[in-house]
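[1] sharing a model that was predicted from the sequence below.
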Amino acid sequence: MLQSRIRLKIIARIKSTVGKHHFNIGNVDYNSWFKAVDDQTPALIVADEKAFEDRVRSLLTQLRSSHTNFYSSDTNPVLPQHFIGATLRSVPRNGNLQWMFQDIFEDSPAASAGINPGYFLRSVNGTPTCPPNLPVFSFGRRYQMSVELPDRGEPRTLMISVPARRKRKGRPALIEPKDISHRMLRKVGMLRISFFSGAFGIRFSKRLGAAVESLKAGGCDRLVIDLRGCLGGSLGFASLVSYLHPDRIPIGYDVTRTRLQAGYKVAEFPRVPMPDTIAKLLFCLARFSVRDKSLMLLTQGLGKQPFHGRVVVLVNECTNSAGEIAAQFAKDTKLATVVGNKTGGRVLGSTAFDVGNGYTLYLPVFGWYGASGVSNESTGVEPDVAVDIDPERLGYGEDAQLGKALELLE
């Protein structure tokens, strides 16, 4: 257990960092929050490591914002998809709740282990798992999983390997999934976006462009954009939504903490198209490096596409952050039909702060609003067509959400 003086330093850094950087979308009274931390400090000092981390995370929930976390250097106890590339959903089964694998990212540790959507998780390393407690994973380790399919015999044992940690400056550590995959279903192009990769989205934009050109070469005149389970990521979402409209139009705007505190007029924000080259990116960085970075982001103006007016966007409760922003734009502009389940409502921009002794504090530092001024923080994006998956049929390849998307594009 860490010495008391070290714990006190960590706690002090957490308070200082929140006071200086947290984007206060929930109108939190910081003085009251600081007092809550002080009241908890005696218990935090003597708690074991797990209780210490759990208590800090509990205090962070009182900030009433997404993108808050506190974790040690090799674990993140909240989201398995950051480690194994698969989302887990709590579903009722045989009178109890059980974890079901829902979204499996291509080439992920879960996919490599042979896990498919619809598999039910029974145990990890011999320890039974059930909601609401998510299994916890660490970098650079192997795990034995017991999984089963509905009405398909005895449980199967699979081994899953989590790669070693890859540091990502200013971002939480995760096993970065394959960002884009694509395929054709007759005339319907399928784009699966698991993550908007790259620090500023330039790399993602190039990969997306190649994928779209491949689909168009295959005769794509209708498009399904699958954002289910999307982890979020960088500005690459702006490149994605640029394919929905031929011209440059507003996507939405970000607001820094400084502007939030001082007050602002959106009409005064600079209107900036998403950069599509390193040169343009560097120009934007130089332009805004010494001033407030609040701005209205525009699409790139990529011209007419053969699938315009015939696009469906798939979302679910695990669609996160930048994925939600893309879905919000599609819904607000009516440039695509959004199908699936309501998203999680986590759209703030964030960064990671080192608070000492291997601990990281993850905080939102700016807010995101659609062009109309609406934020989906905490509320999520409601689909135009609500469709749920059938947990008992997903494992047999029956994807009701994708089926509805294809039906709408008939």
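    Perfect, thanks for sending it.
[2] could you verify my assumption that Ile389 touches Leu402?
    No. Using C-beta atoms under 8 Å, Ile389 makes no contact with Leu402, being 9.2 Å away. Quick note: C-beta positions are derived from backbone N, CA and C, even for glycine.
[3] now Glu53: closest residue in space, sequence neighbours ignored.
    Phe70 (6.2 Å; C-beta to C-beta, 6 or more residues apart in numbering).
[4] what bridges to the one you found?
    For Phe70, the beta-bridge partners are Leu361 (DSSP bridges).
[5] what's the separation between it and Asp54?
    Per C-beta to C-beta, to the nearest Å, Phe70 is found 9 Å from Asp54.
[6] ok, now Lys404?
    Relative to Asp54, Lys404 is positioned 40 Å away (C-beta to C-beta).
[7] go on, Gly85?
    Using C-beta to C-beta, we find Gly85 at a distance of 25 Å from Asp54.
[8] tell me which of the two has more neighbours.
    Using other C-beta atoms under 10 Å as the criterion, Gly85 and Asp54 rank with Gly85 on top: 30 against 14.
[9] which residues are in contact with the residue lying closest to that one once chain neighbours are set aside?
    Leaving aside its sequence neighbours, Gly85 sits nearest to Ser108 (C-beta to C-beta, 6+ apart; 2.3 Å). Residues in contact with Ser108 (C-beta atoms under 8 Å, 6 or more residues apart in numbering) are 84-86, 175, 177-178.
[10] need phi/psi at Ser108.
    Per-residue torsions, Ser108: phi -80, psi 170 (degrees, to the nearest 10).
[11] I figured Pro273 hits Leu298, correct?
    Yes. The criterion here is C-beta under 8 Å, and Pro273 meets it with Leu298 at 4.3 Å.
[12] can you list residues touching both of those two?
    Among the neighbours of Pro273, those also in contact with Leu298 (C-beta under 8 Å, 6+ apart) are Arg248.
[13] dump the residue contacts of the residue nearest to Glu53.
    Contact analysis of Phe70 by C-beta under 8 Å, 6+ apart lists 14, 53, 56-57, 60, 359-362.
[14] now do 10 Å
    10, 14, 52-60, 76-77, 355, 359-363 (C-beta atoms under 10 Å, 6 or more residues apart in numbering).
[15] over to Ser181?
    105-107, 190-194, 211, 226.
[16] again, but for Gln401
    By C-beta under 10 Å, 6+ apart, Gln401 lies in contact with 224, 226, 228, 312, 314-316, 339-341, 383, 385-389, 394.
[17] would you mind checking these for buried ones?
    Buried members of the contacts of Gln401, counted by 16 or more other C-beta atoms under 10 Å: 224, 226, 228, 312, 314-316, 339-341, 383, 387, 389, 394.
[18] now do the strands in the stretch 301-410 of the chain.
    Per DSSP state E, counting those that start in this stretch, the stretch 301-410 of the chain carries strands over the ranges 311-315, 337-340, 349-356, 359-370, 385-386.
[19] can you check the stretch 101-250 of the chain too?
    For the stretch 101-250 of the chain, the strands defined by DSSP E, counting those that start in this stretch occupy 120-124, 127-128, 142-148, 156-161, 180-185, 188-193, 222-226, 250-256.
[20] how about a markdown table for these, with mean pLDDT and distance to Lys334 added?
    Below are the strands of the stretch 101-250 of the chain laid out as a markdown table (pLDDT from 0 to 100; distance: least, C-beta to C-beta, whole Å):
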| stretch | mean pLDDT | distance to Lys334 |
| --- | --- | --- |
| strand 120-124 | 95 | 38 |
| strand 127-128 | 95 | 46 |
| strand 142-148 | 96 | 41 |
| strand 156-161 | 95 | 41 |
| strand 180-185 | 96 | 24 |
| strand 188-193 | 98 | 19 |
| strand 222-226 | 98 | 15 |
| strand 250-256 | 95 | 14 |
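[21] in a markdown table: those strands, plus distance to Gly201.
    What follows is these, written out as a markdown table (distance: least, C-beta to C-beta, whole Å):
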| stretch | distance to Gly201 |
| --- | --- |
| strand 120-124 | 33 |
| strand 127-128 | 39 |
| strand 142-148 | 32 |
| strand 156-161 | 29 |
| strand 180-185 | 12 |
| strand 188-193 | 12 |
| strand 222-226 | 16 |
| strand 250-256 | 12 |
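[22] what's the closest of those strands to Asp48?
    Smallest distance to Asp48 across the strands of the stretch 101-250 of the chain (C-beta to C-beta): 18.8 Å, for strand 127-128.
[23] and that closest one, which strands flank it?
    Strand 127-128 has the following strand partners under DSSP bridges: strand 120-124 (antiparallel).
[24] so which of the strands of the stretch 301-410 of the chain comes closest to Ala326?
    Of all the strands of the stretch 301-410 of the chain, strand 311-315 sits nearest to Ala326, with 7.3 Å by C-beta to C-beta.
[25] strands paired with that closest one, and their directions?
    Using DSSP bridges, the strands paired with strand 311-315 are strand 222-226 (parallel), strand 337-340 (parallel).
[26] now the ones you listed in CSV, with distance to Pro132?
    CSV is the format used below for the strands paired with strand 311-315 (distance: least, C-beta to C-beta, whole Å):
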stretch, distance to Pro132
strand 222-226, 27
strand 337-340, 22
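[27] compare those and give me the one nearest His245.
    strand 222-226 (13.2 Å).
[28] for that closest one, list the C-alpha coordinates in CSV.
    The C-alpha trace of strand 222-226 is given here as CSV (Å, rounded to 0.1, in the frame of the first residue of the first chain):
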residue,chain,number,x,y,z
ARG,A,222,-26.3,2.7,-51.0
LEU,A,223,-24.3,2.8,-47.8
VAL,A,224,-24.5,1.4,-44.3
ILE,A,225,-22.1,3.0,-41.8
ASP,A,226,-21.8,0.8,-38.7
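[29] ok and that strand relative to strand 188-193, angle-wise?
    20 degrees (axes from the mean of the first three to the mean of the last three C-alpha atoms, to 10 degrees).
[30] neighbours around Arg393, how many?
    By other C-beta under 10 Å, 13 other residues sit near Arg393.
[31] from Asp399, how far off is it?
    Look at Arg393 and Asp399: by C-beta to C-beta, they are 9 Å apart.
[32] which residues in the stretch 51-200 of the chain form helices?
    81-84, 109-112 (DSSP state H, counting those that start in this stretch).
[33] okay, the ones you listed in a markdown table with distance to Phe204 and mean pLDDT next?
    Formatted as a markdown table, these follow (distance: least, C-beta to C-beta, whole Å; pLDDT from 0 to 100):
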| stretch | distance to Phe204 | mean pLDDT |
| --- | --- | --- |
| helix 81-84 | 18 | 91 |
| helix 109-112 | 20 | 96 |
